[in-house]
Every structure is written in C-alpha cells, then in structure tokens.
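K.L.:
Model the structure of this input:
(2 chains)
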Amino acid sequence: MISSNTYKKASLSAAIALSLFVSACGSDNDNKTATPEPVEPPVVPTPVNYEYMVKVVNLTTAQPMSPVAVVLHNEGKLWEIGMPASTALENLAESGDNSAVLSETMVLSGQSGASPLPPGMSETITVSIEDTMPSSISIATMLVNTNDAFTGVTAKDISNLAVNESISLLTSSYDSGTEKNSELMATIPGPAAGGEGYNEMRDDVDYVAMHPGVVTKDDGLAQSVLTQDHRFDNPTLSITITRVE
Amino acid sequence: MKFNKTIAALMLATSSIAANAQQLEVTVTNLTQGMHYTPLIIAAHTADASLYKLGETASPELQAMAEGGDISGLSTMLTGVNADMVANPAGGLLAPAQSTTAMLDTADGNMYLSIASMLLPTNDAFVALNGWKIPSEAGTYKVMLNAYDAGTEANDELIIMGGGAPGTPGIPAAPGGNAGTGGTGVTSMEANTTVHVHRGNLGDDDLTGGTSDVDNTVHRWLNPVASVTIVVK
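P.N.:
Next up is the predicted model:
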C-alpha cells in the first residue's frame, strides 16, 4: 500500500512538473517567433486513477428513488436554488431518467445506479476517472411517487478528500419547479400512479427550491393519487463518499 | 431588567476596547418554493442577549415580528444591548428561493449571531438563527435554519386585513397572490404557547372555502427553510 501510494505521488508530481514546463514553453512562444526549443521526449507518466465509492441509502417510507446519477466534474452545478432547472435535471426530476444528466457537458465521468433504489435499500456506486483529479461530485435521484421531487447534492467539494477518507451527508429534497405538484395520477410516473414522466411544458414556478413535501389525499388534497405512506420529511437520502484510489 | 445589567457590563467592557472585532458577510437564502420572508433582522450580540428561548414565552418584540413582520421592537431591544445590526438587507420581502447579503462589522464581545424574519403566509411562523457563536477563525461557514412558531397566535390560516397586529388573529398577507379566501379557520387554539418548532401550514385544496386560506400544494414547507452563509473576514 505505502509503496504504491508513494509511487502514485511521484508520478503525479512528475505530471505537474511536466505541465508547468509545457505552459512555460507556451508563454515563450507568445513573445518570440523563433522555433521552439527542442523538448526532451518526456517519459510518459503512468495514468493516475481517481476512484470514489458512493454508498446511498433511501431513507423514505414509500418513495422509490430513480437510478442514482453520480457525476464527477470541475465546473458547474446540477442545480442552483432560485435558478430554472436545466432540461437534463427536469428530465431526471419528472421522469427519473438520468441519461441527460450523465451526459451534461460539464461531466468528466458519470455512473448510474444499477436500478431504482427502493425505500430502505442501499447501493454502492463506483465512479472513477483517469489523470484529472475532480474537484466536485454531484449526485441526483428522483423521488418517483411525486411530480418533480429529487434529492442529492450538487457540486460537493471533494478536492481535499484523501485516499481512504470519506464524507457523509444527509440530503434534503428539492423541487425542480418545472411541474405543478398536482399529485394527479396522470402526472406521477412512480408505481403509486403509473402516469406520465417527462413533459417539456413548464407549468410551475420555474425555479429550483426545497420541496414542500407531498400533501396526499389523506391530508387534504382530494385529487391526489398519493396516500399517507408517500409523505416524506428531510432528510431523504444518506450519502457516503469514499475515495478508494 | 436583564438588559440593564448587560448594558452596564457592556459600557465597562467597551470603554477600553477597539471598536471592530470582526467583519462578517452574511448571505441568507430563502430555500422555500412558496413562502415569502418579511424584512430580516441580522445582529451580532453578547452571550447574554437572545431573540427568544425555545420552550419559553415569546417577548412582545418577537411576537410583533412573528405575527406581523415588524422588526422595530427587536431592533430597539438589540440597540439597547449595543448589538451590531443590519435591518432589512433585502429592502423589503425576500421572495421564495432568493438570497440577500449583508455586511456586518461586529464590536468586540458581540460574538453571537442572530437572524429573524416572519414567513408569509402564516399566522406566526418565523425563520431564525438564535445566538450562533461566530467563529474567531476567518473562513466561510454554512448554517441551515428551521421554521419556528412563536406560540402567540392560533394558526387559523385565515388571511385577514390587519391580521399582523399582535393579538389580532389572522395572516396579514399572502405576497405571492396565490392564496384563497373564505376559509372557516383551521383552529382557534394554540396548544403550545411557547416558542417551538413549527408544524407547518396545513392548507387545503379549496381556494374559495374549506378551513384554510392557504394552498396545501404551494404554502407548505419542510425544514430547513433557509441557509445562511457566513464569511468571517
């Protein structure tokens, strides 16, 4: 273990030194028109692998969660309070389909959970990337017996996470603001309703905020297909991020 | 009263000490999707002062803020104990999912941060930070806030002109313009008359009748209802 770590550190410093050298050459070239100085062919550094194990636990009573999206990135956020949801997030929050989130341009590396995550169940999702140390991780999943509720974390800083260290989080639930919380059977895709998932029409406030919770027919929303079982409180998801490489 | 002692102690303490101990940048974000915040009060004060104590009766100053959004009483009280204060940094209401930032220079000894604002539409719900110890180390800190019930008014959930005056039942306003009328009243009793964690609006699905004037799909919330980012310079 120790020798392997030392080796990785050494090759990482080599990679940093190399990049400094290259950028120094670049700035020289801006000032001179002369041919670049010959560069010794560098020893190709062994690729450095950054790997994270993400354990998620669904803490709700009766809200299955859509396959959990885990993405590594350096820039951007999956969502921001007060801003309209991206189309990718709208898709995830209304239908549980995480494919658009996983292919967002900011994503350096992404991984989906194997299947929907039932209440009370846990899953470990491994995500990795070669050579680029990611500064942030984002995680998102839909509470599928809702119109557009999701939970997770956006742009969590992992730049200081050392190998074998972990971060634990309990996350609250958000509302993508893209679909009214009508709780009508036709509008909820989860097993409680079997209704529609994504619809490009935005008929709600069109900004992301914390979710107010579901009302349900048992608590005064006569048109709701949901029952008292589907209510939830925060937090809804437990997340443990461990850097393994 | 207690404050008189505090003032005397402060006068002794501040006579020989530099004015500014810390500079804070305080950003408050309304995390809810459907609740407005009345003008915020943000203050740094000593360990002896507090806006309220959980499980105790609200002061008249807190009641005026929680029932009607009036921070003048709290402001006077805080001035009386030499607190450093920013009143109404958003210049009015803080809309759902919006943020406001205030700069606060604190005097030596004012090492505790408190924040308060009423949630609309409610009878007497407020969001608050109550005496958070300001770290001495420079850095960025984040705190999540819950919603509390002042315990001073029954949560009838009826929108009534003049409902913001202390002791007058009713919700003074629904700034989103998305509440109803004609409710018969959710309750006329306040079971817990001390400051406690708010149970949330009940609301109903009838905008022209029912028991409540607030909309159960719009005006409910789950904690936390606000996040506060504090940059200690």
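
K.L.:
and chain A, which residues reach chain B?
P.N.:
Residues of chain A lying near chain B by C-beta under 8 Å from any C-beta of the partner chain: A:81-82, A:172-173, A:175, A:177, A:180-183, A:205, A:207-213, A:215, A:219-223, A:233-234. The C-beta positions use only the backbone N, C-alpha and C, and glycine is treated the same way.

K.L.:
so A:Pro189 makes contact with A:Ala93?
P.N.:
No - at 10.7 Å, A:Pro189 and A:Ala93 do not qualify as touching, with contact defined as C-beta atoms under 8 Å.

K.L.:
Residue 74 - how many residues pack around it?
P.N.:
With no chain named, the answer covers chain A. Each residue near A:Asn74 was counted by other C-beta atoms under 10 Å in any protein chain shown, and the total is 13.

K.L.:
The intended chain is chain B.
P.N.:
Counted by other C-beta under 10 Å, the residues lying close to B:Leu74 total 23.

K.L.:
And it, which helix or strand is it part of?
P.N.:
Remark: B:Leu74 resides in helix B:72-80, with elements defined by DSSP states H and E.

K.L.:
What mean pLDDT does that helix get?
P.N.:
Here helix B:72-80 scores 98 as its mean pLDDT.

K.L.:
Next: stretch B:181-197.
P.N.:
Model confidence over stretch B:181-197, given as mean pLDDT, is 97.

K.L.:
Show me what counts as buried in the longest strand seen in chain B.
P.N.:
Taking DSSP state E as the assignment, the strand of chain B that covers the most residues is strand B:20-30. Using 16 or more other C-beta atoms under 10 Å in any protein chain shown as the test for burial, strand B:20-30 gives B:Ala21, B:Gln22, B:Leu24, B:Val26, B:Thr27, B:Val28, B:Thr29, B:Asn30.

K.L.:
any idea how far B:Val232 is from the first one?
P.N.:
Note on B:Ala21: its distance to B:Val232, by C-beta to C-beta, to the nearest Å, is 11 Å.

K.L.:
rewinding a little: what about A:Pro189 and A:Ala93, which has more around it?
P.N.:
Taking neighbours as other C-beta under 10 Å, A:Pro189 and A:Ala93 compare with A:Ala93 leading, 33 against 21.

K.L.:
Bridged to the residue nearest to B:Ser99 when sequence neighbours are not counted, which residues?
P.N.:
Take B:Ser99 and drop its neighbours on the chain: the residue closest to it by C-beta to C-beta, 6 or more residues apart in numbering or on different chains is B:Thr29, 4.3 Å away. Following DSSP bridges, B:Thr29 is listed with bridge partners B:Ser99, B:Ser227.

K.L.:
where does B:Thr29 land on pLDDT?
P.N.:
On the pLDDT scale, B:Thr29 is placed at 98.

K.L.:
wait, doesn't it sit right on B:Val225?
P.N.:
No - taking contacts as C-beta under 8 Å, B:Thr29 lies outside contact range of B:Val225: 9.8 Å.

K.L.:
hmm, back to that, heading C-terminal from the longest strand of chain B, find the next helix or strand.
P.N.:
In N-to-C order, the element after strand B:20-30 by DSSP H and E is strand B:36-37.

K.L.:
just checking, what packs against the next helix or strand after that next one?
P.N.:
Downstream of strand B:36-37, the first helix or strand assigned by DSSP H and E is strand B:41-45. When contacts are defined as 3 or more C-beta pairs under 8 Å, 6 or more residues apart in numbering or on different chains; DSSP states H and E, strand B:41-45 packs onto strand B:20-30, helix B:72-80, strand B:84-87, strand B:99-107, strand B:112-120.

K.L.:
which residues sit against stretch B:157-167?
P.N.:
Residues from elsewhere that reach stretch B:157-167, judged by C-beta atoms under 8 Å, 6 or more residues apart in numbering or on different chains: B:60, B:63-64, B:67-70, B:121-123, B:152-153, B:168-174, B:179, B:181, B:183, B:185-186, B:201-203, B:211-214.

K.L.:
Any stretches of chain B with poor pLDDT?
P.N.:
Within chain B, the ranges that satisfy pLDDT under 70 run B:1-20.

K.L.:
Can you tell me which residues in it are near chain A?
P.N.:
B:29, B:31-34, B:96-99, B:200, B:202-205, B:216-225, B:227.

K.L.:
buried subset of the contacts of stretch B:157-167?
P.N.:
The neighbour-count test (16+ other C-beta under 10 Å) marks B:63-64, B:67-70, B:121-123, B:152-153, B:169-174, B:179, B:183, B:186, B:201-203, B:211-214 as buried among the contacts of stretch B:157-167.

K.L.:
Give me the subset of these that lies in helices.
P.N.:
Cross-referencing the buried ones among the contacts of stretch B:157-167 against helices under DSSP state H gives B:Gln63, B:Ala64, B:Glu67, B:Gly68.

K.L.:
now the strands for chain A?
P.N.:
Using DSSP E, strands in chain A cover A:49-58, A:69-73, A:107-112, A:122-130, A:136-142, A:149-157, A:166-171, A:173-175, A:209-210, A:237-243.

K.L.:
Can you lay out those as a markdown table showing mean pLDDT and distance to B:Glu190?
P.N.:
Shown next, in a markdown table, are the strands of chain A (pLDDT from 0 to 100; distance: least, C-beta to C-beta, whole Å):
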| stretch | mean pLDDT | distance to B:Glu190 |
| --- | --- | --- |
| strand A:49-58 | 97 | 36 |
| strand A:69-73 | 98 | 44 |
| strand A:107-112 | 98 | 49 |
| strand A:122-130 | 97 | 42 |
| strand A:136-142 | 98 | 38 |
| strand A:149-157 | 98 | 31 |
| strand A:166-171 | 98 | 31 |
| strand A:173-175 | 98 | 29 |
| strand A:209-210 | 98 | 26 |
| strand A:237-243 | 98 | 35 |
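
K.L.:
Can you add mean neighbour count and give those strands back as TSV?
P.N.:
Output for the strands of chain A, formatted as TSV (neighbours: other C-beta atoms under 10 Å in any protein chain shown):
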stretch	mean neighbour count
strand A:49-58	19
strand A:69-73	26
strand A:107-112	18
strand A:122-130	15
strand A:136-142	26
strand A:149-157	22
strand A:166-171	15
strand A:173-175	26
strand A:209-210	26
strand A:237-243	19
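
K.L.:
Relative to B:Ser117, which of the ones you listed is closest?
P.N.:
strand A:209-210 (16.1 Å; C-beta to C-beta).

K.L.:
Pull the residues that contact that closest one.
P.N.:
Contacts with strand A:209-210, where a contact means C-beta under 8 Å, 6+ apart, come from A:81-82, A:172-175, A:177, A:234, B:31-33, B:96-97, B:221-222, B:224-225.

K.L.:
how about 10 Å then?
P.N.:
When contacts are defined by C-beta atoms under 10 Å, 6 or more residues apart in numbering or on different chains, strand A:209-210 is touched by residues A:79, A:81-83, A:149, A:172-177, A:234, B:29-35, B:96-98, B:221-227.

K.L.:
before we move on, the earlier item: deepest-packed of the helices and strands packed on strand B:41-45, please.
P.N.:
Comparing the helices and strands packed on strand B:41-45 by mean neighbour count (mean count of other C-beta atoms under 10 Å in any protein chain shown), strand B:112-120 comes out on top with a mean of 25.
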